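Novice: when you get a sec, could you give me coordinates for this:
(2 chains)
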Amino acid sequence: GQQVMQIPQYQHVQEGEDFTTYCNSSTTLSNIQWYKQRPGGHPVFLIQLVKSGEVKKQKRLTFQFGEAKKNSSLHITATQTTDVGTYFCAGNAGGTSYGKLTFGQGTILTVHP
Amino acid sequence: EPEVTQTPSHQVTQMGQEVILRCVPISNHLYFYWYRQILGQKVEFLVSFYNNEISEKSEIFDDQFSVERPDGSNFTLKIRSTKLEDSAMYFCASSYRGEEAFFGQGTRLTVV
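Specialist: Alright, predicted model coming up:
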């Protein structure tokens, strides 16, 4: 079945440093979504990427979708302590699997003040 | 802001007992899902529900699991005979068009 791999598993940064997490799917995706989960919380939708090569920005967050629609990345510029949490990518294969998300393992981000 | 609500927030049950986890999706959403997350692990898809029927289910969602939308507002997950390995956080989610999913706060199920 479809697998979504995400690296790194953990990332510790000093406040102000940049952070990137990478996501790779075993199959071509219809779209990819990114979620953030705070400790003890639930996944919260950040963004969806649909088009090959798409790049979207949300303030300090930049999301990219690969040309082959199999990989994606999330980059945070100048991290803040409020960025702490686990960032998950989630792939949607589309077709008859419309709506089903296959999550990556997540990257746990710790930001030291 | 509309949100997905789940009850209870924490459920402790004995092995072999039946549990029902309840969810109220966002009112105009058409797609409903259950996911689970074992402590410290990734979020895993269980089942999706659309147009009053299951549209897809994972290998985890075996005969011990069932879902219902009994009254047009609630969406329930039933586990007939719980096992220790069913202990996890169960998240209900809904979406309007099968894209952006809104997750509930989760029900922490502990099987003892």
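
Novice: I'd assumed residue B:11 was in contact with residue B:112.
Specialist: No: using CB atoms under 8 Å, residue B:112 makes no contact with residue B:11, being 11.0 Å away. For the C-beta atoms, the positions are set from N, CA and C on the backbone; glycine is no exception.

Novice: confirm for me that residue B:84 is in contact with residue B:38.
Specialist: No: counting by CB under 8 Å, residue B:84 does not reach residue B:38; the two are 11.5 Å apart.

Novice: more neighbours: which of those two?
Specialist: Set residue B:84 next to residue B:38 and count neighbours by other CB atoms under 10 Å in any protein chain shown: residue B:38 wins out with 13 against 9.

Novice: leaving out sequence neighbours, find the closest residue to that one.
Specialist: residue B:88 (4.6 Å; CB to CB, 6 or more residues apart in numbering or on different chains).

Novice: how many residues are close by the closest residue to chain B within chain A?
Specialist: Nearest residue of chain A to chain B, counting by CB to the nearest CB: residue A:99, 3.5 Å away. For residue A:99, the count of nearby residues is 23 (other CB under 10 Å).

Novice: and for the residue nearest to it when sequence neighbours are not counted, the neighbour number?
Specialist: Sequence neighbours aside, residue B:98 is the residue nearest to residue A:99 in space, at 3.5 Å (criterion: CB to CB, 6+ apart). By the criterion of other CB under 10 Å, residue B:98 has 19 neighbours.

Novice: helix, strand, or coil at residue B:98?
Specialist: Following DSSP: H, G, I helix; E, B strand; the rest coil, residue B:98 is assigned to coil.

Novice: and the most centrally placed residue in chain A, which helix or strand is it part of?
Specialist: Per CA atoms, centre = their mean, the C-alpha nearest to the average position across chain A is that of residue A:89, at 3.6 Å. Counting by DSSP states H and E, the element that carries residue A:89 is strand A:85-92.

Novice: what's next to that strand, contact-wise?
Specialist: Strand A:85-92 has contacts (CB atoms under 8 Å, 6 or more residues apart in numbering or on different chains) with A:2, A:4, A:6, A:21, A:23, A:25, A:29-39, A:41, A:43, A:46, A:72, A:74, A:98-104, A:106-109, B:42-43, B:99.

Novice: which ones are touching residue A:63?
Specialist: Contacts for residue A:63 were tallied using CB under 8 Å, 6+ apart; they are A:34, A:46, A:47, A:49, A:55, A:56, A:57, A:72, A:73, A:74, A:75.

Novice: just residue A:107 next, same as before
Specialist: A:6, A:7, A:8, A:9, A:10, A:11, A:21, A:86, A:87.

Novice: residues in a beta bridge with it, which ones?
Specialist: Beta bridges link residue A:107 to residue A:87 when assigned by DSSP bridges.

Novice: for the contacts of strand A:85-92, which ChimeraX command selects only the ones that are buried?
Specialist: This is the ChimeraX syntax for the buried subset of those, where burial follows 16 or more other CB atoms under 10 Å in any protein chain shown:
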select /A:4,6,21,23,25,29,31,32,33,34,35,36,37,43,46,72,74,98,99,100,101,102,103,104,106,107,108,109 /B:42,43,99
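
Novice: among the contacts of strand A:85-92, name the ones in strands.
Specialist: Among the contacts of strand A:85-92, the members found in strands (DSSP state E) are A:4, A:6, A:21, A:23, A:25, A:31-37, A:46, A:72, A:74, A:102-103, A:107-109, B:43.

Novice: per-residue pLDDT, residue A:93?
Specialist: The score at residue A:93 is 84. That number is its pLDDT.
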